[in-house]
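1. dropping a prediction and its sequence here:
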Amino acid sequence: MSVQSNGAKAERTASTASKAGLLSVLVLQNCACAILVKQSRQHSEHWVPQTGVILQEALKGLASVALAVIGGASLEGALDPRELLRSAVPALLYLVQNNLQYVALAYLEPATYTVTYQLKILSTAVCFVLMLGRRLSVKQWLSLALLVLGVILVQLATLEEGGSSSQGHASGWGRATGLLATVSSAAISGLAGVYTEKILKSSRVTLWVRNVQLAAWSALIGILGLAGTGDLPGVLELGFFHGYNNWIWASAFNNAFGGLLIAAVIKHADNILKNFATSVSIVLTTAVSTQLFGLQITCTFLAGVVFVCYSIFLYGGSRAFPWRAKAS
């Protein structure tokens, strides 16, 4: 009996350690995402952000191929014409979303962007209702109202700051552009996420193979986008990596890793863990923004962060901390 007890205790300890490790990685990746993109925009003006999006998709695609092979999954499904065509839609959406991220962070500091970007929860909920026919509880609708209120408070706080600190160059139309890009990115993120979930559940294509398809489409559409925006001649003349620095490389690798991390989250994490990681990353990003980008924390901003973090837990129905074992 003691052997079984010790075995069960060891299993719980391993599970707790696994969740703690995944929590740490989730927090760091989420926090680093906005900060690295912001730094890449600040420290290099002679590069084309679209190339960074293409690079991260190429990295994600290559890693997905390797992981699919290691996992013994067949890559034949990646060439299925019907499944390829279905993957084109979310690939285009994710590509636009990633480009809007670079636009938004050219005008907003990371904390404001990160908090506002949580509106993707609202867009995801609306898409669940409209596309999948799901019903939301009263508590979930209340959480969405708190989310919107929190984002509004954060935006009001940035208006109170006016042209101070790091946003001095982004007053007026600049902040409006950043806000519009962030809200648009959040809306597209919700739509793309729900659509991807829908096609994953309605086909036998594995997650890794689907990632390969998404990355391939995103890279191809991204190259066509370069031609459409007139940036392709300059890229061909100066080189794809012209103007790149360590911040840009780090941002591309981190964003590619974030795409792969989703698979681990889907497999091992529950809503409690994801919500806790998102909330901690918001707080950490805010703390870093005060040091690197001169963000001034006001009572209005702080209240907005609290509302957003609480709404995340309320929407997911979280009542416990992620390291507590769930009753089976």
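-> Cool, got the structure.

2. pull out the buried positions in the helix or strand residue 252 falls within.
-> Residue 252 is part of helix 246-268, with elements assigned from DSSP states H and E. Applying a neighbour-count criterion of 16 or more other Cβ atoms under 10 Å, one finds 247-248, 250-261, 263, 265 buried in helix 246-268. For glycine as for every other residue, the C-beta is placed from the backbone atoms N, C-alpha and C.

3. packing partners for the very next helix or strand once past that helix?
-> Downstream of helix 246-268, the next assigned helix or strand under DSSP H and E is helix 271-292. Counting contacts by 3 or more Cβ pairs under 8 Å, 6 or more residues apart in numbering; DSSP states H and E, helix 271-292 packs against helix 2-42, helix 110-117, helix 299-316.

4. pull the distance from the host helix or strand of residue 94 to the chain's centre.
-> Assigned by DSSP H and E, residue 94 falls within helix 81-104. In this view, helix 81-104 has its centroid 13 Å away from the chain centroid, taken as Cα atoms, centre = their mean, to the nearest Å.

5. gap between residue 241 and residue 36?
-> 17 Å (Cβ to Cβ, to the nearest Å).

6. same question but for residue 286, I mixed them up
-> In this view, residue 286 and residue 36 are 16 Å apart by Cβ to Cβ.

7. could you do residue 313 as well?
-> Noted for residue 313: a distance of 27 Å to residue 36, by Cβ to Cβ.

8. between these two, who's got more neighbours?
-> The residue with more neighbours, out of residue 313 and residue 36, is residue 36; 22 against 17, by other Cβ atoms under 10 Å.

9. give the contact list for the more buried one.
-> Shown in contact with residue 36 (Cβ atoms under 8 Å, 6 or more residues apart in numbering): 247, 250-251, 254.

10. mind redoing it with 10 Å?
-> Going by Cβ atoms under 10 Å, 6 or more residues apart in numbering, residue 36 touches 105, 110, 246-255.

11. for residue 136, same thing?
-> By Cβ under 10 Å, 6+ apart, the contact list for residue 136 reads 125-126, 128-129, 142-144, 315.

12. let's see it at 6 Å
-> Applying Cβ atoms under 6 Å, 6 or more residues apart in numbering, we find residue 136 in contact with no residue.

13. so it: helix, strand or coil?
-> Secondary structure, DSSP: H, G, I helix; E, B strand; the rest coil: residue 136 is coil.

14. just to revisit the earlier point, need the contacts of residue 36 in JSON lines (columns: distance to residue 278 and pLDDT).
-> Formatted as JSON lines, the contacts of residue 36 follow (distance: Cβ to Cβ, whole Å; pLDDT from 0 to 100):
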{"residue": "105", "distance to residue 278": "18", "pLDDT": "91"}
{"residue": "110", "distance to residue 278": "14", "pLDDT": "92"}
{"residue": "246", "distance to residue 278": "27", "pLDDT": "94"}
{"residue": "247", "distance to residue 278": "24", "pLDDT": "94"}
{"residue": "248", "distance to residue 278": "25", "pLDDT": "94"}
{"residue": "249", "distance to residue 278": "26", "pLDDT": "95"}
{"residue": "250", "distance to residue 278": "21", "pLDDT": "95"}
{"residue": "251", "distance to residue 278": "20", "pLDDT": "94"}
{"residue": "252", "distance to residue 278": "22", "pLDDT": "93"}
{"residue": "253", "distance to residue 278": "21", "pLDDT": "94"}
{"residue": "254", "distance to residue 278": "16", "pLDDT": "93"}
{"residue": "255", "distance to residue 278": "17", "pLDDT": "90"}
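
15. pull the helix or strand with minimum mean pLDDT from the chain.
-> Within the chain, no helix or strand scores below helix 2-42, which has a mean of 73 by mean pLDDT, DSSP states H and E.

16. about what we covered before: other SSEs contacting the helix holding residue 252?
-> Helices and strands touching helix 246-268, by 3 or more Cβ pairs under 6 Å, 6 or more residues apart in numbering; DSSP states H and E, are helix 2-42, helix 49-70.

17. what mean pLDDT does stretch 151-159 have?
-> Averaged across stretch 151-159, pLDDT comes to 88.

18. do stretch 188-200 as well
-> For stretch 188-200, the mean per-residue pLDDT is 87.

19. next one: it to chain centre, how far?
-> Between the centre of stretch 188-200 and the centre of its chain there are 13 Å (Cα atoms, centre = their mean).

20. ok, now stretch 90-106?
-> Put simply, stretch 90-106 sits 10 Å off its chain's centre (Cα atoms, centre = their mean).

21. ok so, going back, redo the helices and strands packed on helix 271-292 as a markdown table? Include distance to residue 160.
-> Below are those laid out as a markdown table (distance: least, Cβ to Cβ, whole Å):
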| stretch | distance to residue 160 |
| --- | --- |
| helix 2-42 | 21 |
| helix 110-117 | 12 |
| helix 299-316 | 6 |
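
22. return the most buried member of the ones you listed.
-> helix 110-117 (a mean of 27; mean count of other Cβ atoms under 10 Å).

23. off-centre distance for the helix or strand following that one?
-> For helix 110-117, the following helix or strand on the C-terminal side (DSSP H and E) is helix 120-132. Offset of helix 120-132 from its chain centre (Cα atoms, centre = their mean): 16 Å.
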